[in-house]
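Participant: task: produce atomic coordinates for the following.
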Amino acid sequence: MKRVLVGYGIDVDVAATWLNTGDGSAVNPTDISRGVYGAVVGIGRLLKLLDKYGIKATWFVPGHTIESFREHLRPILDGGHEFGLHGYTHERTADMSEQQQRDILKKSIEVMTKFTGKKPKGWTGPSWSTSRRTPHLLEEYGVEYDHSFMHHDCQMYYLPYQDFDYVETDLTKPASYWMKPLGPTKESSLVVVPANWHVDDSPPLNFKPKQLTTHGFVSPHVVESLWMEQFDYFYREYDTFVFPISIHPQISGKPQNVLMHERIIEYINEHEGVEWMTMEEMVAEFKSGRMAGVDVCHPS
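Facilitator: Numbers count the residues shown, from 1 in each chain. Model (predicted):
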């Protein structure tokens, strides 16, 4: 008998992602306006979409978004959706010191807990960027699950600690320096709801002027086909699996993409055993043993 847990992870980066230029360069005010669109237009459209189908989603919200757009986020809270952590201004975790990571976790948890009245259980790395210290820091701050890692694409698992032995390739040294296998890994207490760039609206549907690609002009019908073919394969090959869909209000809130999501939801709902739920609920099913998962640790 099939059991399929499907859910939306909605990254409410909005203005925060544009403020974080990554190299300290000046921000283009037009880009900030694209983020504001996500807050003032996109959130409402996605809430209407979810309400139409009775779906509760997980909204990963940077601290900056909460402090800047409280009234636009209030309907999400009132609608009974889950809030999860997503940095403060969408900072890339891999680029930060451990102290900076601590400061952002502390501040973001304080801001979110004050706004929602509940300490968040989940975290997704901005741009799915992580560090070797990520599992330790998330555990330290009481986070229960991650939605950044990609050891599997349709099964939950316990995240391995990332401070295992490995050597980066360094062409300034003899080849013998880096020709070494990965060391053994050990499970943390963090559950991973797997991330997947191929079920994310940003790579194909988000236009970035500095990147000379046509991304942002890919037909949503192409994206829909790619996502549904993955779903079809999982449904054929697994009795139980999860299908997390990652989207953004400033992207999926565009008219053509809202229509795409309507078609996707209706297609998925044609299948037996489908349950829509938040990622917090998925993790509870996994921890209780009611939902199968996999072991991704590798021995020595």
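Participant: and Ile80, how close does it get to Leu50?
Facilitator: In this structure residue 80 is Gly, not Ile. Using Cβ to Cβ, to the nearest Å, one gets 10 Å for the distance from Gly80 to Leu50. For every residue, glycine as well, the C-beta is placed using N, CA and C.
Participant: check Ser225 too.
Facilitator: Relative to Leu50, Ser225 is positioned 23 Å away (Cβ to Cβ).
Participant: look at those two and report which has more neighbours.
Facilitator: In this comparison of Ser225 against Leu50, neighbours counted by other Cβ atoms under 10 Å, the higher total goes to Leu50 at 20 against 11.
Participant: what separation do you get for Phe164 and Ala195?
Facilitator: Applying Cβ to Cβ, the value for Phe164 to Ala195 is 20 Å.
Participant: higher neighbour count, these two?
Facilitator: Just comparing Phe164 and Ala195: by other Cβ under 10 Å the higher neighbour count belongs to Ala195, 21 against 15.
Participant: okay, now the nearest residue to Asp153 once chain neighbours are set aside: neighbour count?
Facilitator: Counting by Cβ to Cβ, 6 or more residues apart in numbering, the nearest residue to Asp153 once its immediate chain neighbours are dropped is Asn196, at 5.1 Å. Summarising burial for Asn196: neighbours were counted as other Cβ under 10 Å, giving 18.
Participant: which neighbours do Gly80 and Leu50 share?
Facilitator: Common contact partners of Gly80 and Leu50 (Cβ atoms under 8 Å, 6 or more residues apart in numbering): Lys56.
Participant: where does the stretch 101-250 of the chain have low pLDDT?
Facilitator: Low-confidence segments of the stretch 101-250 of the chain, defined by pLDDT under 70, span residues 209-214.
Participant: strands along that one, start to end?
Facilitator: Using DSSP state E, counting those that start in this stretch, the strands found in the stretch 101-250 of the chain span residues 122-123, 145-146, 157-160, 187-192, 240-247.
Participant: for Ala57, which of these is the nearest?
Facilitator: strand 240-247 (8.9 Å; Cβ to Cβ).
Participant: packing partners for the closest one?
Facilitator: strand 3-11, helix 220-237, helix 255-268, helix 279-287 (3 or more Cβ pairs under 8 Å, 6 or more residues apart in numbering; DSSP states H and E).
Participant: centre of the chain versus it, how much separation?
Facilitator: Taking the mean C-alpha point of strand 240-247 and that of its whole chain, the gap between them comes to 10 Å (Cα atoms, centre = their mean, to the nearest Å).
Participant: residues touching it, excluding its own?
Facilitator: Surrounding strand 240-247, the residues in contact under the criterion Cβ under 8 Å, 6+ apart are 2-11, 46, 147, 154-156, 193-196, 199-202, 227, 230-231, 234-235, 261, 264, 268, 279, 282, 291-292.
Participant: export that strand to PDB, keeping only CA atoms.
Facilitator: Provided in PDB are the C-alpha atoms of strand 240-247 (Å, rounded to 0.1, in the frame of the first residue of the first chain):
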ATOM      1  CA  THR A 240       6.600   5.100   0.700                       C
ATOM      2  CA  PHE A 241       8.400   8.300  -0.100                       C
ATOM      3  CA  VAL A 242       8.400  12.100   0.500                       C
ATOM      4  CA  PHE A 243       8.000  14.700  -2.200                       C
ATOM      5  CA  PRO A 244       9.000  18.200  -0.900                       C
ATOM      6  CA  ILE A 245       8.500  21.000  -3.300                       C
ATOM      7  CA  SER A 246      10.600  24.200  -2.800                       C
ATOM      8  CA  ILE A 247       9.200  27.500  -4.000                       C
END
